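*Asks:* Below are the sequence and a predicted model; questions follow.
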Amino acid sequence: MKRGRTVVAALALLTSGLTSGLVAGCGDGSAVSDFGTVVKGAKGTTVRAELRAGQRFSLAVPDNPSVGDDWRLVAVPDAKVASYISEERKSAGQGPGSGGTAYFVFNTKSPGSAEITLRDCWRCGQGSTPPDEESRRQSGEAVFEITVR
């Protein structure tokens, strides 16, 4: 009976994470295999993209956690325009330190626009504020202006 309660508790935790939009995939064994239309951005840039209603898309940024990158979605966009699915990561090469790309996966919903900001808090650990001057210099945001037609 104890095993059944553990499974139910695990499913409840997973379900609550899915509804809040904060469940993340990791590595090349990601939960999402279809990234849809990939919109590439980087620290210090603003990228505009026009998409169709009902279309899957991903916001992609260069990512290397081994050097300190830690990309996060600042806020979930208006759910009427786009719904957040997950965060995924694909390595660029073999072995540790090879870097790669972080993908923030969404589905468009209804016509409208949304600004989505991704923040890289470089070497911030569990915090969201750069701990020193070097971290402040290396941290930054990528802004995506999405229009759904």
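*Replies:* Structure's in. What do you need? Residues are numbered from 1 along each chain as shown.
*Asks:* I figured P111 hits V148, correct?
*Replies:* Yes - with contact defined as C-beta atoms under 8 Å, P111 reaches V148; the gap is 5.2 Å. Backbone N, C-alpha and C define where each C-beta goes, glycine included.
*Asks:* Have a look at those two and say which one is more surrounded.
*Replies:* Applying other C-beta atoms under 10 Å to P111 and V148 shows that V148 carries more neighbours, namely 21 against 12.
*Asks:* Would you confirm that the more buried one contacts G112?
*Replies:* Yes - if you go by C-beta under 8 Å, V148 and G112 touch, sitting 5.7 Å apart.
*Asks:* Find residues that contact each of those two.
*Replies:* V81 (C-beta atoms under 8 Å, 6 or more residues apart in numbering).
*Asks:* Which helix or strand contains S135?
*Replies:* Following DSSP states H and E, one finds S135 within helix 133-138.
*Asks:* Centre of the chain to whichever helix or strand comes after that helix, how far?
*Replies:* Once the chain leaves helix 133-138, the next helix or strand it forms, by DSSP H and E, is strand 140-148. On the basis of C-alpha atoms, centre = their mean, to the nearest Å, strand 140-148 sits 12 Å off its chain's mean C-alpha point.
*Asks:* Of all the residues in the helix or strand hosting R119, which ones are buried?
*Replies:* In the assignment (DSSP H and E), R119 maps to strand 112-120. Buried residues in strand 112-120, defined by neighbour count with 16 or more other C-beta atoms under 10 Å: 112, 114, 116-120.
*Asks:* List just the nearest of those residues to P65.
*Replies:* Relative to P65, the closest of the buried residues of strand 112-120 is D120; by C-beta to C-beta it sits at 10.3 Å.
*Asks:* contacting residues for that closest one?
*Replies:* Applying C-beta under 8 Å, 6+ apart to D120 gives the contacts 43, 61, 69-72, 138-142.
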